[in-house]
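In: Structure, please.
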Amino acid sequence: MRFDGIELVAFGFLAGVGVVLAAIDLLERRLPGRLVLPSYGVLGGLLVLEAAVTERWSNLLTALAAALLVALAYLLVALASRGGLGSGDVKFGGLLGMAMGWQGWSAVVTGTAVGWLGAAAVLLVLRILGRRPGTMPMGPFLLAGALFALVPG
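Out: Next up is the predicted model:
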């Protein structure tokens, strides 16, 4: 898998905004909607343009479905965990789902699993060390999983 043209701009944008959001999450323990929500428009617009140029409409439909399904799954986790996952994580998860969905369902599953397994590993290590993290920022883990799934290998 190789990115070029508009697709490269789209995933470059995602990486850039993702790093900013992950840094904010590490520092403030929140993912601000004022950055996440406009990113849907930018990424979505770029993917629509790429679909129009390359006639990859099925990729666009998968990206939109993945955004919805990942956000919905994260919303269910947030409701079930009563604060274990915030609304910013839900919105950010949907954005990452859109990007991974462009590459296909295997990227969505791989990226989501890698992100959550990374967070679980850190929690396990902290528990072994006898430390309680309190709130843990999920944004960096979600982004790392998505980038793992998206970076050509």
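In: Which positions within the helix or strand hosting residue 77 qualify as buried?
Out: For residue 77, the host element (DSSP states H and E) is helix 57-81. Burial within helix 57-81, assessed by neighbour count using 16 or more other CB atoms under 10 Å, is assigned to 59-60, 62-64, 66-67, 69-71, 74-75, 77-78. The way it works is simple: take the backbone N, C-alpha and C, and place the C-beta from them, glycine included.
In: Check the contact between residue 152 and residue 3; I expect there is one.
Out: Yes: at 7.0 Å, residue 152 counts as touching residue 3 under the criterion of CB atoms under 8 Å.
In: Give me the more crowded residue out of these two.
Out: Set side by side, residue 152 and residue 3 show more neighbours around residue 3, with 16 against 8, by other CB atoms under 10 Å.
In: Please pick out the residue of the chain most distant from its centre.
Out: Computed with CA atoms, centre = their mean, the maximum C-alpha offset from the centroid of the chain is found at residue 130, amounting to 29.6 Å.
In: which residues touch it?
Out: Contacts were defined as CB atoms under 8 Å, 6 or more residues apart in numbering; by that measure residue 130 touches no other residue.
In: Check the secondary structure at it for me.
Out: coil (DSSP: H, G, I helix; E, B strand; the rest coil).
In: got a pLDDT number for it?
Out: Model confidence at residue 130, expressed as pLDDT, equals 82.
In: Show me the contact partners of the helix or strand of the chain at the bottom of the mean pLDDT ranking.
Out: For the chain, the helix or strand with the lowest mean confidence is helix 105-128, at a mean of 93 (criterion: mean pLDDT, DSSP states H and E). Residues outside helix 105-128 that contact it (CB under 8 Å, 6+ apart): 62, 66, 69-70, 93, 96-97, 100-101, 132-133, 136, 138, 141-150.
In: what stretches of the protein score poorly on pLDDT?
Out: Applying pLDDT under 70 to the chain picks out residues 1-2, 133, 153.
In: So which residues make contact with the helix or strand hosting residue 45?
Out: The secondary structure element spanning residue 45 is helix 33-54 (assigned by DSSP H and E). Applying CB under 8 Å, 6+ apart, the external contacts of helix 33-54 come out as 5-7, 9-10, 13-14, 17, 20-21, 24, 56-57, 59-60, 63-64, 67, 87-88, 91-92, 94-95, 98-99, 102.
In: just to revisit the earlier point, just the buried ones out of the contacts of helix 105-128, please.
Out: When the contacts of helix 105-128 are checked for burial by 16+ other CB under 10 Å, the buried set is 62, 66, 69-70, 93, 96-97, 100-101, 138, 141-150.
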